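Participant: quick one: sequence plus predicted model below, questions after.
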Amino acid sequence: MTEQIRRYFGTDGIRGRVGDGSITPEFVLKLGWAIGHVFAKGHRSKVLIGKDTRISGYMFESALQAGLSAAGVDVYLLGPMPTPAVAYLTRTFHAQAGIVISASHNPYQDNGIKFFSGEGTKLPESIELEIEAIMDKPLVTVDSHLLGKAHRIDDAAGRYIEFCKSTVSSKLDFSNLKLVVDCAHGATYHIAPNVFRELGAEVVVMGAEPNGLNINKDCGSTEPRLLQAAVLENKADLGIALDGDGDRLIMVDHRGELVDGDELLFVIARAQQRAGNKHPVIVGTLMSNLGLEQALQSYDMALHRAKVGDRYVMEMLKETGATVGGEASGHIICLDKTTTGDGIVAALQVLAEMQETGITLHELRSAVTKFPQRLINVRVNKVVNLSDNDEVNAAIKAVEATLGNNGRVLLRASGTEPVIRVMVEGRDAALINKLAIELAEIIERLL
C-alpha cells in the first residue's frame, strides 16, 4: 500500500486550518477514539499528549482526551511541550503512543496532530492506515468501569531539560558564550532558555511570551530577521532560532549572518567525524544544497539524498546506518542522541563543537560554499508523470548539459496540489535564474 491512498495522514501527521476538513473538534474526538482503539488491544494502555502554544490547542487537547478515554485508554497530559520532548517522554514513560497537537512553523490559524510510537518514532504507515480504517466505524464507548483516566505530568519540562543537557559532555562549560534564543512564542518558551542557562551560557531571550495568537509571527526559524539584529545589538556569540514546536533550528553567527540547516548539518557531521565516528554517510534531501555535498566530499563523507520530508530522512538514516541527517529548513536528526528532529539538541551539538575546537560558528560553517538555487512552481491542470514525458526529459538534459558538473536540475510533482516544482542550482546566479525560467516556461507550455 502507498501513501497516496491515505485519506487523512500526510508525511507528518494531519494538518490544516482550524475548523476545516480534519481539523475540527468532531473529527479529532473520533480520531482520539480510533487511536485508542488501535493501541488498547485488549489491555490497559496510556497515551501522552503535548501541544504547542496556539489557542486551538486547548480545544483539541480536550477532544483527544475524550476520545481516548471513551476507548479505555489512560491519558497523560504534558501541556505545552516541544514535539521532540513528547517523543522522548513517550519512551521514558513506556507509553504506547505520544500525540502532539501542533502545526509546527505554520501560523496560529492552523493546527495539526502528530503521532509517535512507543519507541519515540513516527508511526509506521501500517498503523496510520489502521487508524484511518477505524475512523469509518461508529464510535462505541467502553463500559464506565473501563473508561480511561486523565493525569497531568507536572515535571515534564524538567525531565526534558535534563535530557537535552545530557546530550553534550558534562565537562563542557558554556559560561563564555552569550546567546540570543528565539523561541517563536512556541512550545520551547519555558524550556530552551533554561537548557542553555543551566549549562552556563548568558542568554538573551526573544519570542517567549506566547498568547495563543503570536506563535511563529515575525519570529522563530522562519522569520529570523529580528534575531539577526538582536545578535549584533547584544554583541552575542550567536543566535538560536527555533520554530513553534521546537523541531527546527536556524542559527545566526556573531556577524549576524544566517546559518541554515545544510550548514548546521555539515558542522554536526564534522563534529562527529572529529570525535571518531567514521561512518561516511550523511543524509540530506533532494533539496539539499550542492555546496553541502561538495563540502562533505572534501572530508570523505557522502551525502545521500532522501525525498523531501523528515519521515524520508529517517527512513534513509535507518537504511544506511547513518546517524546524522536533515533538511535545509533546519529539521536535523541526531540519531545517536534522540529519535526525531530536535532543535535544542541540534543547537547543543553545534555549541559543543565550538567549545571543543575554540572555533566560531562563522568559521565552522565557512567550509560550505552554497550554490545559488532558483525554485519556480508551475501550475498544471492535472497530476502528471514527468518521467514519461520525452520533451520534458529532453529539456532537463539540455539544462544539465549547460551546467555540467557545477549544477543540477530537480523537477518534483507536489503531492498535495497540481504544481510542478522546478529547481535549478549552480555557481552562476544569473545563469541559474535564466535556466530556471526557461525550463519552467517549457514545462508550462508542454503540460
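Facilitator: Cool, the structure landed.

Participant: now for residue 263: which residues touch it?
Facilitator: Residue 263 is in contact with 292, 365, 368, 370, counting by CB atoms under 8 Å, 6 or more residues apart in numbering. Glycine gets a C-beta too; all of them are placed from N, C-alpha and C.

Participant: and the residues you listed, which of them are in strands?
Facilitator: Nothing among the contacts of residue 263 maps onto strands, per DSSP state E.

Participant: out of these, which are buried?
Facilitator: With neighbours counted by 16 or more other CB atoms under 10 Å, these contain buried members at 292, 365, 368, 370.

Participant: ok, the last one - contacts?
Facilitator: Applying CB under 8 Å, 6+ apart to residue 370 gives the contacts 262-263, 289, 291-292.

Participant: could you find the closest non-adjacent residue to the residue positioned nearest the centre of the chain?
Facilitator: Centroid-nearest residue in the chain, with CA atoms, centre = their mean: residue 331, separated by 4.0 Å. Of all residues not flanking residue 331 in the chain, residue 341 sits nearest, at 4.4 Å (CB to CB, 6 or more residues apart in numbering).

Participant: residues near the one you found, how many?
Facilitator: 28 (other CB atoms under 10 Å).

Participant: please apply the same query to residue 232.
Facilitator: 15.

Participant: now it, what's its secondary structure?
Facilitator: Under DSSP: H, G, I helix; E, B strand; the rest coil, the three-state class of residue 232 is helix.

Participant: thought residue 69 was touching residue 148?
Facilitator: Yes - using CB atoms under 8 Å as the test, residue 69 is close enough to residue 148 to be in contact (3.9 Å).

Participant: shared neighbours of the two, anything?
Facilitator: 36, 75.

Participant: what segments of the stretch 201-350 of the chain are helices?
Facilitator: 225-233, 261-274, 290-297, 310-320, 343-357 (DSSP state H, counting those that start in this stretch).

Participant: quick one, which of those gets closest to residue 57.
Facilitator: In terms of CB to CB, the element of the helices of the stretch 201-350 of the chain nearest to residue 57 is helix 343-357, at 19.0 Å.

Participant: report the buried residues of that closest one.
Facilitator: 343-355.

Participant: and that helix, what's its mean pLDDT?
Facilitator: Helix 343-357 shows a mean pLDDT of 98.

Participant: what do you get for stretch 116-129?
Facilitator: 92.

Participant: likewise stretch 406-413?
Facilitator: 88.

Participant: mind listing residues that contact that stretch?
Facilitator: 286-287, 290, 308, 371, 383-384, 386, 392, 396, 399-400, 403, 419-427, 432, 439, 443.

Participant: JSON lines for the helices of the stretch 201-350 of the chain, including distance to residue 143?
Facilitator: Formatted as JSON lines, these follow (distance: least, CB to CB, whole Å):
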{"stretch": "helix 225-233", "distance to residue 143": "53"}
{"stretch": "helix 261-274", "distance to residue 143": "50"}
{"stretch": "helix 290-297", "distance to residue 143": "57"}
{"stretch": "helix 310-320", "distance to residue 143": "37"}
{"stretch": "helix 343-357", "distance to residue 143": "43"}
